[in-house]
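Enquirer: Fold the following, please.
(2 chains)
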Amino acid sequence: MLQISEPGGRPARHVTRKRAAGIDLGTTNSLIATDVNGEVRTLADATGAHLLPSVVHYGADGAIVVGALAKAQAAADPANVIVSVKRALGRSRDELTAGGDYRQYRFDAERDAASPAFVTAAGVRDPVAVSADILRTLVRRAEERTGEAVDGAVITVPAYFNDSQRQQTRHAASLAGIKVLRLLNEPTAAAVAYGLDTREEGDIVVFDLGGGTFDVSLLSLRKGVFEVLATGGDTALGGDDFDKVVADWLADQCGMESIAARDYPAMMQVANSAREALSDGDRVELAWGGASYLLTAAEFSELAAPLLRRTIVACRRVLRDARMEAGAIDNVLLVGGATRMPIVRQAVTDYFGREPLQDIDPDRVVAIGAGIQAEVLAGNKPAGDFLLLDVNPLSLGIETMGELVEKIIPRNTSIPVSKSQEFTTFKDGQTVMALHVVQGERELVGECRSLARFSLRGIPPMVAGAAKVKVTFQVDADGLLSVSAEEASTGCKAEVQVKPSFGLDLGEVEKMLKDSHEHAKADMAARALREARLEATRLMDAIDSALAEDERLLAASEKAGIDQALDKLRQAMAEENAAQIEERTEQLNHASEDFAARRMNMTVGAALRGESINVIDERTE
Amino acid sequence: MLSIADNYFSQFELPVGFEMDLDRLNTQFRELQTIVHPDRFAAAGDDQRLRAIKLSSYLNEAYETLKSPLRRAGYLLQLRGVDVEQVEQSDLDPELLFEQISLRESLAELPKDESALDRIDELNRATSVKLARRQQEFAGSLARSNLGQAKKLFHELQFLTKLQAEIEKAEDAII
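Expert: A predicted model of the protein is given here:
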C-alpha cells in the first residue's frame, strides 16, 4: 500500500528566499520575469525595452551582441547575424536549408549533418550555443536589476516541442549556467498568468501564435487548479510565415524568380514592417530597389488565408480531443505578438463566436506565468495557491510484429502517468525480446519517431505466446519518459530512460500529424494486410512445429488435408489480398482443428493460444 | 495522509455504478491531486518525490478510467470478476457484427471531399444515439447483476466507440 504525507509534513521552508525567474525563450523575442516587491513582472533593459530580440551578432573581433543592436546588423552582415535560432533546435542541416529560411548562413562542413552549426566571424556556434548566448543576456539583465544571482529558472517551450527539443533547451540553459526548475509549456504559462490575474474560472482556449510556432491549448480553471484538457498546434507556423508570404509577393511584384540569399534578411524586414503597418492601417507602401509597391489589407488577407485556415483546423482538433464545442468555451486568450494582426483576431472571433481577450499584453504573459511557477517550485510561494495538471502532446507506443505500433500512452493523457501492457513472444523458444519505443500518431513504425531501443534477455524458452512480458511506460511531471519490461514467471527485467540522441524537428511533428490524418485510410488497408500476413505466419509456424513434434497423431488423409491448406495459404501470401489470406488462414485453421484439439489434450502448453496479447519478435537490430 | 483505496470509485468517494456525476468526480480528482502532485514536493527528498509521482499517476489513471463511459463499463465488469479481454463467440451478436461491417463500409465509400460532411455528421449522430442507448442498457443489466448480458453490451460499446473514432478520422481527412 502506498502512502504519502501531506506537504505540511515536510521540513520548514528555507529562511532565505531564492531568486527565481521565468524565461520565455521565443523565436523572435525573449523575456525574463521575476518577483519585484511581491509581484512577478517582466524586466526591462537600460533603454526601457522588455522584449529582447532573439538575435545574436557574432563580430569579427569575437564580440557577441544580443538583441536590438544585433538585429540592426541583420541586413548589413547577414551571414553573422543569427535569427530565429529556436526553429533550428533539434533539426538537421538538410531540414534547416530545405525551407530556405537559413539560406544566408554557412554551415560547418566538419560537423555531422544531424547536428549542424553556423560558421560565424566569431567562430563556429551551434543552435544550443546561440540559445545559451540569449539566455545569458537575459539572466545578466535580471541580476543587474535585482542585485542578486538567479538561483533557478522555469523556461517555457512550445507545447509541441518533442523530447529532443526539450533536451536541447535544457542543454542551452546549463551551458549558460542556469539551473532549470522546470520546462513549462507556453500556453499553460499564459493561462497561469491570466488565471491568477483575473481570478476567473471556466474553460479557456489559449491561442498562441508566436514568431515561429503555433500552439493551442484548452484548459479548465477551477479553484486554483489548471487542468490542461487537450493541446495541439502547428509546429511550423508563426508570424515569420506571414512575413514570408508578403516577401514572396514583393519578389513577385519586382519580377524576381526567387529571393537571393543576400537579399533575404533585408526583404524579410521590409515585409515584416509592412505586415505590422497593416495592423493599424488598410494599405502600406513597400519600397524595394528604388521602386514602391502598394499592398492593401484586403490583398494581405487573401495571401494569409491558407495560414489562418491552418490555425483554425488545429483549434478544431483540440476541441474534439476534449469533446467540446466551440460555443462552450468561456474565454479565448490571445498570446504571441502575431495575434496583434486584425486578420488573426477576426479568424478567432469567427470560429469561437466571441471576442478574444486582449487586455493582457500578449508578449509578456508567457514569461510572467513562468515566473509565477518558478516562485512556487523554488519554494518562495506557498504551493497551496495553484496547481498545474498537464498532458503529453504526442502518443507514445511500442513496435509489435509486422512493424505496427501499439499505443501505450495516447496523446493528451494527463501526466504523470504510468501504464502497463502485456506482450508475448512470437516464436517457440524465444529468449530475447527487442523493444522499440516510438512517438507519433501513425499506425506504422516507419512513420513515427524512434525514441529508443532496448532488449529484454533471459526469457525462459517456452512455446510462442506463453511468455508474459509486462511493459511499463512512465512519464513524470516534467514530461520525461522511462520504459521498463519484466517477464512474469522469472522476473527478469530491463529498463531504459528515454533520452533520444536526435529528435523530431518542428516541421516533422506537423508532417507526422498531417500524414496520420491523410493516410488514415492507407494505414488501415496496409494494417489489414500486415495483420492478415502476421496471423497466417503465426498459424503456419505453429502448425509446422506441431507437425514436427506430433505428426504421429494424424491419419494420412488428415495430413494431406493440412498440407493442401498450407500450400494454398502460402500461395495467397505471395499476393497483396488481405481478404484472401484471411480466408485461407481460416481454412487452414479449420483443417487443423482436430489435430490441434488432440495436441491440446496431450501437451501442457497450448501452442495455438494467446490471441489477445500482442507479440514481439526477438530481432535486436 | 492519503492512501490507495480498494477501487477507483471509493478513491473518489463515489458510489460504485455506471451512473457518474462527472462534476463531482472532477472536483474530487482535483482535490486529491492538490495533495499528492509532485509539484507539491519540489523541495522534498527523492523518496517523497517518487511516491508523489506514483500516487499522482494512480489518480490520473483512476480519473481517466471513470471519466470514459467505455473504460468505466470495463472496469465495473472487472470489479465483478468478469474478464473483458476474453471475447467469446457467444458474446457477439451476428446481426450486430453485420451492422458494424456495413456501417464501416458506408464510411469507407464516402467521397473524400466536403460533400461527405453531411453524411458524416449523420453517421456520427446515429452512432451517438446508439451509444447512449447501449450505455443505458448496460447500466440496467449491471444493476440487475445480469453479467452475461452486461458483457455483451460492453463489447457493443467497444464496437460503437471504435466506429465513432473512425468517423472522426474520416472527418479529419477532409477538414
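Enquirer: Low-confidence ranges, chain A, go.
Expert: Applying pLDDT under 70 to chain A flags residues A:1-16, A:382-385, A:496-524, A:600-614, A:618-621.
Enquirer: Domain-wise, how is it divided?
Expert: A:16-238+A:304-389, A:391-517, A:520-611 (automatic domain parsing).
Enquirer: would TSV of those with mean neighbour count be doable?
Expert: Quick note: C-beta positions are derived from backbone N, CA and C, even for glycine. Output for the domains of chain A, formatted as TSV (neighbours: other C-beta atoms under 10 Å in any protein chain shown):
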stretch	mean neighbour count
domain A:16-238+A:304-389	20
domain A:391-517	19
domain A:520-611	16
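Enquirer: Quick one: closest of the ones you listed to A:C254.
Expert: With C-beta to C-beta, the closest approach to A:C254 among these belongs to domain A:16-238+A:304-389: 16.7 Å.
Enquirer: Can you give me the separation between the closest residue to A:L221 other than its chain neighbours and A:G59?
Expert: Distances taken as C-beta to C-beta, 6 or more residues apart in numbering or on different chains place A:G195 nearest to A:L221, at 4.7 Å, with adjacent residues excluded. Going from A:G195 to A:G59 by C-beta to C-beta, to the nearest Å gives 44 Å.
Enquirer: same check, this time on A:T311
Expert: A:T311 is 38 Å from A:G59, where distance means C-beta to C-beta.
Enquirer: and what of A:Q253?
Expert: Using C-beta to C-beta, one gets 35 Å for the distance from A:Q253 to A:G59.
Enquirer: Same list (the domains of chain A) but as TSV, adding distance to B:F41.
Expert: Converted to TSV, the domains of chain A look like this (distance: least, C-beta to C-beta, whole Å):
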stretch	distance to B:F41
domain A:16-238+A:304-389	9
domain A:391-517	10
domain A:520-611	41
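Enquirer: The lowest-mean-pLDDT helix or strand in chain B: what's the following helix or strand?
Expert: The helix or strand of chain B with the poorest confidence is strand B:2-3; it has a mean of 65 (mean pLDDT, DSSP states H and E). Moving toward the C-terminus from strand B:2-3, the next helix or strand (DSSP states H and E) is helix B:8-11.
Enquirer: how about that next one: buried residues?
Expert: B:Y8, B:F9, B:Q11 (16 or more other C-beta atoms under 10 Å in any protein chain shown).
Enquirer: Please apply the same query to stretch B:126-144.
Expert: B:T127, B:K130, B:L131, B:R134, B:Q135, B:E137, B:F138, B:A139, B:S141, B:L142.
Enquirer: can you give me the helices in the stretch 301-450 of chain A?
Expert: All helices of the stretch 301-450 of chain A, identified by DSSP state H, counting those that start in this stretch, fall at A:342-352, A:365-377.
Enquirer: distance between the last one and the chain's centre?
Expert: Pointing back at helix A:365-377 there. Relative to the mean C-alpha coordinate of its chain, helix A:365-377 is positioned 22 Å out (C-alpha atoms, centre = their mean, to the nearest Å).
Enquirer: and what of the shortest one?
Expert: Computed by C-alpha atoms, centre = their mean, the chain-centroid distance of helix A:342-352 equals 26 Å.
Enquirer: and if you look at stretch A:117-129?
Expert: For stretch A:117-129, the distance to the chain centre is 26 Å (C-alpha atoms, centre = their mean).
Enquirer: Alpha carbons of it, as CSV, please.
Expert: Backbone C-alpha positions of stretch A:117-129 (Å, rounded to 0.1, in the frame of the first residue of the first chain) are rendered in CSV as follows:
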residue,chain,number,x,y,z
ALA,A,117,26.5,24.5,-36.6
PHE,A,118,26.8,28.0,-38.0
VAL,A,119,30.2,29.4,-39.2
THR,A,120,30.4,32.9,-37.9
ALA,A,121,33.1,35.6,-37.8
ALA,A,122,33.5,34.8,-34.1
GLY,A,123,33.8,31.1,-34.6
VAL,A,124,31.5,28.0,-35.0
ARG,A,125,28.3,28.2,-33.0
ASP,A,126,25.6,25.5,-32.9
PRO,A,127,21.9,26.4,-32.1
VAL,A,128,22.3,25.3,-28.5
ALA,A,129,25.3,27.7,-28.1
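Enquirer: quick one: contacts of that stretch?
Expert: A:56, A:58-64, A:79-80, A:82, A:85, A:88-89, A:91, A:105-108, A:111, A:115-116, A:130, A:133, A:168, A:171-172, A:175 (C-beta atoms under 8 Å, 6 or more residues apart in numbering or on different chains).
Enquirer: okay, the buried residues of helix B:8-11 in CSV with pLDDT next?
Expert: Formatted as CSV, the buried residues of helix B:8-11 follow (pLDDT from 0 to 100):
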residue, pLDDT
B:Y8, 94
B:F9, 95
B:Q11, 91
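Enquirer: and which of the residues you listed is nearest to chain A?
Expert: B:Q11 (11.7 Å; C-beta to the nearest C-beta).
Enquirer: Pretty sure that closest one sits against B:F29.
Expert: No - using C-beta atoms under 8 Å, B:Q11 is not in contact with B:F29, being 9.3 Å away.
Enquirer: For the two, list the residues in contact with both.
Expert: B:L59.
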